[in-house]
Structure formats: C-alpha cells, structure tokens
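**Q** From the sequence below, what's the structure:
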Amino acid sequence: MKDLKIRFSGLPAGKHQYRFEIGDWFFESFEYGEIRQGKVNTEVELDKQENMLLLNFTMEGYLRVICDRCGEEFDFPVSGTESLIVKFGDKKEKDADEIIMITKDEYEIDISHFLYEFISLMLPYRKVHGEDENGNSLCDPEVTSKIDEQKKDSEADPRWDALKKLKDNK
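**A** Below is the predicted model of the structure:
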C-alpha cells in the first residue's frame, strides 16, 4: 500500500497527475471488504494550494462480484469521479465525507482507504448480470428457469388473488 501514498511535501503549488492500477492485491488487503477482485485504473489530479490539497479521482474498470439473481460471478463494469479536500490544521479530523484535516507537519497522504470507499460506492445495491444485444439476460439459464418456475407456482396460489382483490377495493 506504500504505492498509494502521495508525497506532497516539496511539490510546487499547482496541479500534479498520478496514475494507479488497482488490482486484486489492493482488494485483498481490506480484510473485511466485500470486494475481493477487480481492476480499476485510477487517475488522481492533485491541486496543491497554500492551505489545502484538492484531489480529484477518475476511476474506470471492473469488479468481480456475485450476481444477486443467479449466484454466478461476473465482471461488473464501474466508472466514476470523486473529490477530496485536504485542509492543513492543528490536528487530524474529518469535517465531512469529502473534507479531511491533517496536521501541517505531514508530508504525504495515504489515499488507499479513500480509494476503497470510492470504488465500493460505485457498486449498486443489487448486482445482476446485464443483457445481451437481443435483450436476453446473461444470468445462468438453469438458475433463471428455476426462478421462473418458482414464480409461476407462487402466482397460482388463490390466496394471493383474494389479497389482491382486497387491495384493489381500497
């Protein structure tokens, strides 16, 4: 993770570019994280100013996830941008989600935790396979057919029809 520390001490004021290739090694280092595999190319623009650092992250790649519908692993494409403001102060603290404060005597910033949070937030709550060019699901057909059978069985239950009538009468 030492590669994900940006040394800003000694840099002149202005914008500086950094590139990182985030891979399996990165995700595996977060012991309790949901993401275990993936590849995310990240560009970081650091704008060094007198009393703060402005960091802009641009991320694009894929994450290996488990489909919530069929249970099969697949590569989920992700992309996004995030910003982080680092202010210099007397003590370390976090003002808001995108604003942190570090002491004036620090000379580098570790962006690994922020990157993991940003990448995690790119995943939707429900992760399912996409569709092919014909609009057919890319989920495991065997599993989806069993799900469809289950739906048909539950739709045939007359108790649901009675409850639907009660709902429609309201």
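
**Q** and the helix or strand containing residue 17, which strands flank it?
**A** Assigned by DSSP states H and E, residue 17 belongs to strand 14-22. With DSSP bridges as the test, strand 14-22 is paired with strand 37-48 (antiparallel).

**Q** Downstream of the partner strand, the next helix or strand is which one?
**A** strand 52-66.

**Q** follow-up on the earlier one: quick one: mean pLDDT for the strand holding residue 17?
**A** In this model, strand 14-22 has a mean pLDDT of 95.

**Q** same thing with stretch 47-62?
**A** The pLDDT scores in stretch 47-62 average 94.

**Q** Can I get that stretch in PDB? Just the C-alpha atoms.
**A** The C-alpha trace of stretch 47-62 is given here as PDB (Å, rounded to 0.1, in the frame of the first residue of the first chain):
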ATOM      1  CA  ASP A  47      -4.000  20.600  -6.900                       C
ATOM      2  CA  LYS A  48      -1.600  21.800  -4.200                       C
ATOM      3  CA  GLN A  49      -2.600  25.200  -2.700                       C
ATOM      4  CA  GLU A  50      -1.200  27.100   0.200                       C
ATOM      5  CA  ASN A  51      -3.600  25.900   2.900                       C
ATOM      6  CA  MET A  52      -5.100  22.800   1.300                       C
ATOM      7  CA  LEU A  53      -4.900  20.000  -1.300                       C
ATOM      8  CA  LEU A  54      -7.600  19.300  -3.800                       C
ATOM      9  CA  LEU A  55      -7.700  15.700  -5.000                       C
ATOM     10  CA  ASN A  56      -9.900  14.700  -8.000                       C
ATOM     11  CA  PHE A  57     -10.200  11.000  -8.700                       C
ATOM     12  CA  THR A  58     -11.300   9.500 -12.000                       C
ATOM     13  CA  MET A  59     -11.800   5.700 -11.900                       C
ATOM     14  CA  GLU A  60     -12.700   3.100 -14.500                       C
ATOM     15  CA  GLY A  61     -12.500  -0.600 -14.600                       C
ATOM     16  CA  TYR A  62     -14.400  -3.700 -13.400                       C
END
